[in-house]
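S.K.: no FASTA, just this:
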């Protein structure tokens, strides 16, 4: 500024310098605002990416745990079925007791346990009526019910029974 400048010139010059300073400060503020927005956007993107990654990991872990729990449930069912089977008396002891209660002229042809622990047996008897009378008379054999009968080539009748020995 020159010493011969008028008061108006000096006011205008001062106003222009203030405007220039404000423009510089405004540009700096504008740049700072953009930097803050950029940092905030990057932070949001990083946080969102981390959250998505954790959610995917949690889903994968959930599926793995679900599969594992289903396997454990199947194993528990198998153990329960095995325990139920092991709690039953041995088949040979049951068949020996069954043979002791049957009439002497019949022959035990087949025997098996069903899934409930009951017996399914096939007896060859020369007279099925005598066998039925023996079943009705003996309390130990009263739990067996006839499931059918068929004639055999050797002259006997195969009688199929199912039930539980008492």
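M.R.: Good, I have the coordinates. These numbers were taken from a predicted model, which means no experiment stands behind them. Residues are numbered from 1 along each chain as shown.
S.K.: from now on I want contacts and neighbour counts done on CA atoms only, so please keep to that.
M.R.: Noted.
S.K.: so after the helix or strand harbouring residue 21, what's the next helix or strand?
M.R.: In this structure, residue 21 sits in helix 7-87 according to DSSP states H and E. Per DSSP H and E, helix 7-87 leads on to helix 91-101 as the next helix or strand towards the C-terminus.
S.K.: so how far is the next helix or strand after that following helix off the chain centroid?
M.R.: Using DSSP H and E, the helix or strand that follows helix 91-101 in sequence is strand 107-113. The chain centroid and the centroid of strand 107-113 are separated by 38 Å under C-alpha atoms, centre = their mean, to the nearest Å.
S.K.: quick check: phi and psi on residue 157?
M.R.: Phi and psi for residue 157, reported as degrees, to the nearest 10, are phi -110, psi 130.
S.K.: with adjacent residues omitted, what lies nearest to it?
M.R.: residue 151 (4.5 Å; C-alpha to C-alpha, 6 or more residues apart in numbering).
S.K.: do residue 110 as well
M.R.: Distance criterion C-alpha to C-alpha, 6+ apart; nearest residue to residue 110, sequence neighbours excluded, is residue 122 at 4.9 Å.
S.K.: got any ranges where this protein has weak pLDDT?
M.R.: For the chain, the stretches flagged by pLDDT under 70 are 1-3, 23, 25-26, 165-166.
S.K.: I appreciate the help and will end here.
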